[in-house]
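1. please work out how this folds:
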Amino acid sequence: MNYPYMPKSTALWLIENTALTFEQIADFCGMHELEVKNIADAETHKIQGLSPILTGQLTREDIAAAEADPNARLTLCESIVVAQNAQNKKGVGYTPKLHRQNRMGGILWIIKNYPELSDGQIARLMRSTNPTVASIRNKTHNSYADIHVSNPITLGLVSESVLKDAVAKAQKKSENKNK
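-> As a prediction, this is how the structure comes out:
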């Protein structure tokens with residue numbers, strides 16, 4: 001089963017902007033119903049909502065149909081499913097020119113959100129080089145001032161599952177060093 005790029009952010013947006021049941025949202029996002037309820041009950045959110053309509057994961061018609069029928073289930077658009085499956089299979093490959101321009105912003109986002117990842121791990125994830133990652137981390141890159149922080153998962157530069165695996169590996173490595 002394929003799930004949205006950022007399940008919690010998508011769930012938050014669906015809670016705030018639709019009349020879907022918690023069960024429908026949980027099923028679509030690959031979460032437990034209680035997780036969705038906790039997101040809805042939270043007074044302040046540490047996450048920002050992400051529209052599945054703007055990201056092309058759902059259509060307004062899909063949401064309207066699911067709101068009308070509580071037993072209906074949402075599914076990702078076929079193009080997103082194909083893209084996720086292709087990304088999970090191929091690993092490192094060609095990055096289109098449009099995404100290459102966003103790569104440095106993605107590297108900066110990973111550095112800020114996952115500082116435990118090494119430069120080598122980030123370079124492999126983002127299909128870049130160690131010196132580039134190191135210069136962005138040290139704020140010495142020649143175009144550092146022009147870099148716009150952007151989430152590489154939503155840009156399609158890296159899949160969420162691959163990023164989670166890399167973070168888990170880095171955490172396990174640091175735990176082994178501490179022992």
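2. buried set for stretch 153-164?
-> For stretch 153-164, burial by neighbour count (16 or more other CB atoms under 10 Å) applies to I153, T154, L155, G156, L157, V158, S159, E160, L163. Glycine gets a C-beta too; all of them are placed from N, C-alpha and C.
3. pLDDT score assigned to the spatially most central residue of the chain?
-> For the chain, I153 is the residue whose C-alpha lies nearest the centre (CA atoms, centre = their mean; 3.8 Å). On pLDDT, I153 comes in at 84.
4. tell me which element it falls in.
-> Per DSSP states H and E, I153 falls inside helix 152-155.
5. which other helices and strands does that helix contact?
-> If you count contacts as 3 or more CB pairs under 8 Å, 6 or more residues apart in numbering; DSSP states H and E, helix 152-155 packs onto helix 97-113, helix 160-178.
6. for R60, which of the ones you listed is the nearest?
-> The closest of the helices and strands packed on helix 152-155 to R60 is helix 160-178. By CB to CB, the value is 24.4 Å.
7. in the closest one, what counts as buried?
-> If you call a residue buried by 16+ other CB under 10 Å, then helix 160-178 has these buried ones: E160, L163, A166, V167, A170.
8. once you drop chain neighbours, what's closest to the third one?
-> In other words, A166. Nearest residue to A166, sequence neighbours excluded (CB to CB, 6 or more residues apart in numbering): Q121, at 5.2 Å.
9. so where's this protein uncertain?
-> 1, 84, 86-101, 179 (pLDDT under 70).
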